[in-house]
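# need the 3D shape of this:
(one chain, ligands or ions: 1)
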Amino acid sequence: MADLLDADSVRSAVAVLDGWEGGTDAIVRTVGLRSFPAAIAVVDRVAKVAEEMDHHPDIDIRWRTLTFRCVTHSAGGVTTRDIALANRIDRILADAS
Ligand SMILES: C[C@H](O)[C@H](O)[C@H]1CNC2=NC(N)=NC(=O)C2=N1
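Below you'll find the predicted structure:
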């Protein structure tokens, strides 16, 4: 199982991600897409990557606004697996906008 990151490690990881915030409990990014179908297309791409990684974000969908929350449920906090997933989500979002 991946090790929990301490507050400093989460802070420095979040600093090099794009638009993420949070702490040791979870990291979160909210983003607006141009339309509802565009938002769903992003969710579909993230779903494929999450399956590949066997690591899944919590996703909130509100019309064309998505909120991704990454936490390693089995560890009860943020691990390197969440940072890796957040990176992949950033790449998908950079492509989509
Ligand atoms: C068996 C499988 O590896 C686990 O259930 C995985 C699946 N995806 C997961 N995703 C997240 N975010 N946390 C988990 O603990 C987790 N567990």
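
# how much space between the residue most central in space within the chain and the ligand?
Centroid-nearest residue in the chain: residue 86, 3.8 Å away (criterion: C-alpha atoms, centre = their mean). Shown here: residue 86 relative to the ligand, a distance of 11 Å by C-beta to the nearest ligand atom, to the nearest Å. Glycine gets a C-beta too; all of them are placed from N, C-alpha and C.

# again, but for residue 40
In terms of C-beta to the nearest ligand atom, residue 40 sits 21 Å off from the ligand.

# for that residue, give me its contacts.
By C-beta atoms under 8 Å, 6 or more residues apart in numbering, the contact set of residue 40 is residue 61.

# the same query, at a cut-off of 10 Å, please.
Contacts for residue 40 (C-beta atoms under 10 Å, 6 or more residues apart in numbering) come out as 33, 61, 64, 66.
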